[in-house]
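Peer 1: Got a predicted structure plus its sequence, pasted below:
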Amino acid sequence: MTEKKQQRHVIERDSLGSLFDVLRHKGFEIVGPTVEDNAICYGSIDSFKDLPVGWTDEQSEGKYRIKKRQDNALFGYVVGPTSWKKFLFPPRIKLWEAKKSQKNFDIVENTDEVPSYAFLNVRACELQAIAIQDKIFLKGDHIDPIYKKRREKTFIIAVNCTEPKGTCFCVSMNTGPRASFGFDLSLTEIIEDEKHYFVVEVGSSKGEKILKGVPHRPVESSEIEQQNKLLEKAEQEMGRVMDTQNIKELLYKNMEHPQWEDVAKRCLSCANCTLVCPTCFCSNVEDVTDLTGDHAQRVRTWDSCFTAEHSYIHGGNIRSSIKSRYRQWMTHKLASWQDQFDSSGCVGCGRCITWCPVGIDITKEVKAIEDIPPADAERE
Amino acid sequence: MNKDSSNDMMPQKFYVDSNREETHDTFTLYLSPEDSSKKFHFEPGQFNMLYGFGVGEVPISISGDTSSPGTLIHTIREVGAVTKALCKLKQGDYVGVRGPFGSSWPVEKAFGKDVVVITGGIGLAPLRPAIYQILAQRNDFRHVVILYGARNPQDILYRKMIVKWRAHLDLQVRVTVDQADKEWYGTVGVVTKLISKARFDPGNTVALVCGPEIMMRFTIKELQKIGIEEEDIYVSMERNMKCAIGFCGHCQYGPKFICKDGPVFSFDQIRDLFRVREI
Amino acid sequence: MKNIKELLSEHEFFKGLSDEQIEIMAGCGSNVHFKKGETVFQQGREANYFFVVRQGSVALDIDGAERGIIRIQTVEDGDILGWSWLIPPHIWNFTAIAAEDTSTTALDGKCLREKCEKDHELGYALLKRFSTVLAKRLEWTRIQLLDVYGAHT
């Protein structure tokens, strides 16, 4: 604890601009939140003026709006439709090229240079989501070189949530609101009366080096108190709750629960949830040629288990009903993921609830299965 | 075990030595590596991702002999664009090969026991390497039974090889077809009806089952009925595959990835998944 | 060389029948041999027999008109061949051809039908056994209908 206190500093709001300068000077491409298409999305930003200054968001099932705040907070919102997987696990990327020569062909791997990203405003739930994708792409029997190349260059500046919203449930998933690992620097924005500052925690030596270029001062205990107060308050303000006790057994035992029929009536199989989910990792490959037929490419793209063709094998789709696809997604996210990767696949960010066009709420679906004993429950 | 993935992610080049037509829609490719010093070691039941230039990749079981790693053998059925392109390949044409991937038939689990191989249609292709291994060490097993079901006499795969196996005095080899014409004097009927006529001890048997999922379903039912334990029945499952290395998410079967936890499973491992529809 | 009564009492299908009942059955039975290719019974004719195939194989064919003869089932060692003798209108639905040299015990169905009308115990015992055979054949036929090895793309 004492050691942590020594690692904490304060950056005044007016000095935050230097953070951008230092990062740019070190060759980082800064990616952070910005207002785009009436939403707060992650994209390349140049200065802190590109941040959603004075904006906040309102989220509930199937609803997302941004609106102006009374103050000039830089980070006064939670997560939007984009996530960091867009940069580490690109939606579309060429894997290799092949050139034909008579009956033979040569394959050349894609070795394009990748930028060094600095992610600004990574929330606690998102740190967990990145850790989950690290497990999949870096820590299994195979390593994905695309993810690895991007991930090892990434600099992470976390931001602690002080105003969680309507669809947040990181507390239920044990992933927030406080960022406790996986960052180089973390910021907690505090606006009190005339003061506007950031409590900074250093998470790595890389972070320490960057901080040196930004005007900062040691933190005062009253400021730490204020930070703790805000984070404790945030824990109480979750919009949703999910009971995760024995959730794996619950879902495994209820594969024919009538609730699946119920959600299938509402689900459009639009795949929004898989697009916005920060941990979904399904991908597809496209093999394309040019008009001459002599040049071929293999391109990897995001995919979704909600598409009809996802489970196609010669003759038909294994999961042809929407019921089976919704069941696959939810059971994978909350149950099978644990057997595959030793953690839940869900971080409680609430995006799937917010961005579902018909407002399906994963926490409510779990509750329905818990509460309603199925008519034909199978005996052990 | 964390390995550098380059061999499993980038196709290696092989050229076609010959392409043999097995039935009207099934062909066997005999492949040699571009780099002739390379040998292709694999376990029975494993598969490769075969790439046809500009068309795409498909998972195909390896059908050769594990003791002859110089030639890579794949039997392919034409069911889509990629398999069609592969079946048309001629001598000298090149393909991309990634692999081998997946779990294998545990032939050693049958040492000292009876072994019953029940397969149907193209399902004989993934089992052939296991049969080769069993024949190579025949004395390590007691009764060896091979039961094969095909659609009709024209669709019997590896017919010459089956006739050779039938000539072995210490093998029980029975073939049946679902339908025939009056020129066929062999058995007509479902492959499971051959089970009761075979000689083996269900209490001391390892069964290897491979074929369309419906066929495996009713076969497993019959095997359980005569008393073979779930952990002694092995099946090979199939699902959509894109990457074959556990990244693309397509081949998931409950929590299992067919590409790395399978395709070969003992039935007790997947019993609960098997009875769920559309999983 | 066993007599018919011995052959029948050893067979799985007749297990549980009383000695008297086996006697009645044996009285209606005779040993019949078919050479490979010989017709055992003809589609459309009156069905007055059923057969216990002792050794060999009998193929069941159906007339497929422009499709030719379609062979849909073979009945082998130890199997029971023929149930149309029991079920009206007592006409063979298929043609049966010996696929190999085959030895059978043929049982006079017409004679047995009359006996079963009088002796309902015997009738029920036979009907029970034949319905099991029919159920199995139906299950197999349904699976064959699924054409599991077909391409279905």
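Peer 2: Thanks, I have the structure now. Since this is a predicted model, take the numbers as computed values, not measurements.

Peer 1: So for the chain, the centremost residue is which one?
Peer 2: I went with chain A, as the question did not name one. Nearest to the mean C-alpha position of chain A, counting by CA atoms, centre = their mean, stands residue A:278 at 3.2 Å.

Peer 1: Can you look at chain C instead?
Peer 2: Against the mean C-alpha coordinate of chain C, by CA atoms, centre = their mean, the closest residue is residue C:81 at 1.6 Å.

Peer 1: Look up phi and psi at that residue.
Peer 2: Taking degrees, to the nearest 10, you get phi -120, psi 120 for the backbone angles of residue C:81.

Peer 1: Beta-bridge partners for it, please?
Peer 2: residue C:51 (DSSP bridges).

Peer 1: List the contacts of residue 41.
Peer 2: Answering for chain A, as no chain was given. Residues counted as contacts of residue A:41 (CB atoms under 8 Å, 6 or more residues apart in numbering or on different chains) are A:33-35, A:80-82. No exception for glycine: its C-beta is placed from N, CA and C like everyone else's.

Peer 1: think we crossed wires, I meant chain C
Peer 2: C:47, C:49, C:82, C:92, C:95-96.

Peer 1: Which residue ranges of chain C form strands?
Peer 2: Using DSSP state E, the strands of chain C run over C:29-34, C:39-41, C:49-55, C:57-63, C:69-76, C:80-81, C:95-98, C:102-108.

Peer 1: Just tell me which of the ones you listed ends up closest to residue B:58.
Peer 2: Among those, the nearest to residue B:58 by CB to CB is strand C:69-76 (33.7 Å).

Peer 1: which strands and helices sit next to the closest one?
Peer 2: strand B:187-188, strand C:57-63, helix C:120-145 (3 or more CB pairs under 8 Å, 6 or more residues apart in numbering or on different chains; DSSP states H and E).

Peer 1: redo that, cut-off 7 Å
Peer 2: strand B:187-188, strand C:57-63 (3 or more CB pairs under 7 Å, 6 or more residues apart in numbering or on different chains; DSSP states H and E).

Peer 1: okay if I get these as JSON lines plus distance to chain A?
Peer 2: As requested, the helices and strands packed on strand C:69-76 are exported to JSON lines (distance: least, CB to the nearest CB, whole Å):
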{"stretch": "strand B:187-188", "distance to chain A": "24"}
{"stretch": "strand C:57-63", "distance to chain A": "28"}
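
Peer 1: Smallest gap between the stretch 101-250 of chain B and chain C, at which residue?
Peer 2: Nearest residue of the stretch 101-250 of chain B to chain C, counting by CB to the nearest CB: residue B:121, 3.4 Å away.

Peer 1: Touching, that residue and residue C:147? I think so.
Peer 2: No: contact criterion CB atoms under 7 Å: residue B:121 and residue C:147 do not qualify, at 10.2 Å.

Peer 1: shared neighbours, those two?
Peer 2: Taking CB atoms under 7 Å, 6 or more residues apart in numbering or on different chains as the criterion, residue B:121 and residue C:147 both touch residue B:151.

Peer 1: The stretch 251-380 of chain A against chain C: which residues are in contact?
Peer 2: A:314-315 (CB under 7 Å from any CB of the partner chain).

Peer 1: what's the burial count for the spatially closest residue to the residue of the stretch 101-250 of chain B closest to chain C that is not a sequence neighbour?
Peer 2: Using CB to CB, 6 or more residues apart in numbering or on different chains and skipping residues adjacent in sequence, the residue nearest residue B:121 is residue C:149, 3.4 Å away. Look at residue C:149: counted by other CB atoms under 10 Å in any protein chain shown, it has 23 neighbours.

Peer 1: related to what we said a few turns ago, now, of the contacts of residue C:41, which are buried?
Peer 2: Buried members of the contacts of residue C:41, scored by 16 or more other CB atoms under 10 Å in any protein chain shown, are C:47, C:49, C:82, C:92, C:95-96.

Peer 1: Tell me which two in these are the farthest apart.
Peer 2: Farthest pair in those (CB to CB) is C:49 and C:95. Separation: 14.0 Å.

Peer 1: any idea which residue of chain A is furthest from its center?
Peer 2: Distance from the centre of chain A peaks at residue A:102, with 46.2 Å (CA atoms, centre = their mean).

Peer 1: for the residue of the stretch 201-350 of chain A found nearest chain C, what are its contacts?
Peer 2: Of all residues in the stretch 201-350 of chain A, residue A:315 sits closest to chain C, at 4.2 Å by CB to the nearest CB. Applying CB under 7 Å, 6+ apart to residue A:315 gives the contacts C:152-153.

Peer 1: how does it look with 10 Å?
Peer 2: B:79-80, B:212, C:150-153 (CB atoms under 10 Å, 6 or more residues apart in numbering or on different chains).

Peer 1: Same question for residue A:82.
Peer 2: For residue A:82, the contacting residues are A:31, A:33, A:36, A:39-43, A:275-276, A:278, A:351, by CB under 10 Å, 6+ apart.

Peer 1: List the contacts of residue 191.
Peer 2: Going with chain A. Residues in contact with residue A:191, defined by CB under 10 Å, 6+ apart, are A:13, A:69, A:71-74, A:76, A:162, A:197.

Peer 1: that's the other chain; I wanted chain B
Peer 2: So residue B:191 contacts B:118-121, B:123, B:147-150, B:174-178, B:209, B:211, B:215, B:218-219, B:222, C:143, C:148-149 (CB under 10 Å, 6+ apart).
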